[in-house]
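Asks: What shape does this take:
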Amino acid sequence: MEYLKYRNVNIILFDKDVSQETINKNAENLNIAQLNLSDFNERMGKNYDLICKFTNENTRFFLKQELRYPENTNTIASQINWLLMWKREINDRVYFKIFFNDIAREFEEINRYNSPYVQKDNIYYKMVDDFKRKYTDYAPLGFLSEDDEKYIKEEINKKFLQKIN
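Replies: Sure thing, here's the model as predicted:
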């Protein structure tokens, strides 16, 4: 399968037969995806690429790289797809709750080590390090107001980061 690069950055690829009109129509979503993917790659020391598929001229992103654990569906691609759904419903404040619940699920893996019956090991310290890199001073990029970004950063810090040793 041949791909075109979006804006000459080897991060988002799509089929060569995609029309320029479709690309132009989805430029905002492609920019949001590129911003969030670049931010994730930089924070986490990764070099992931996305493949963009168009269904009825709407974007849907998939991870280009093969995953070591393919059952892991919580990838940066699925997160970007979810962020674009949030963008379409930006006035619905329930998305903030869903966003924080997703982070809470990641945090639960770390928090279970706070039991006196569980010894903190190298896995724990790696999870903590990854969590901190991913969420310190983090907010989704490209579609939230400055106030919403500030709120998200403060809530992540208060609800999660301050509780990590």
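
Asks: those helices in this protein, which residues are they?
Replies: Secondary structure of the chain (DSSP state H): helices at 20-25, 27-44, 76-88, 94-111, 122-135, 146-159.

Asks: Hey, what's the angle from the fifth one to helix 27-44? Just curious.
Replies: Using axes from the mean of the first three to the mean of the last three C-alpha atoms, to 10 degrees, the inter-axis angle of helix 122-135 relative to helix 27-44 is 140 degrees.

Asks: average model confidence for helix 122-135?
Replies: For helix 122-135, the mean per-residue pLDDT is 95.

Asks: Now for this structure, the helix or strand with the poorest mean pLDDT.
Replies: Here the helix or strand of the chain ranked lowest by mean pLDDT, DSSP states H and E is strand 3-6, holding a mean of 53.

Asks: my guess is residue 118 meets residue 109, correct?
Replies: No: between residue 118 and residue 109 there is no contact under C-beta atoms under 8 Å: 11.4 Å. Using the backbone N, CA and C atoms, a C-beta is placed for each residue, glycine as well.

Asks: More neighbours: those two, which one.
Replies: Neighbours were counted for residue 118 and for residue 109 using other C-beta atoms under 10 Å; residue 109 has more, 13 against 10.

Asks: count of neighbours near the nearest residue to the more buried one once chain neighbours are set aside?
Replies: In space, and not counting its chain neighbours, residue 109 is closest to residue 127: 6.0 Å by C-beta to C-beta, 6 or more residues apart in numbering. The tally of other residues near residue 127 (other C-beta under 10 Å) stands at 16.

Asks: Report the separation between residue 127 and residue 113.
Replies: 8 Å (C-beta to C-beta, to the nearest Å).

Asks: Then residue 29?
Replies: Residue 29 is 38 Å from residue 113, by C-beta to C-beta.
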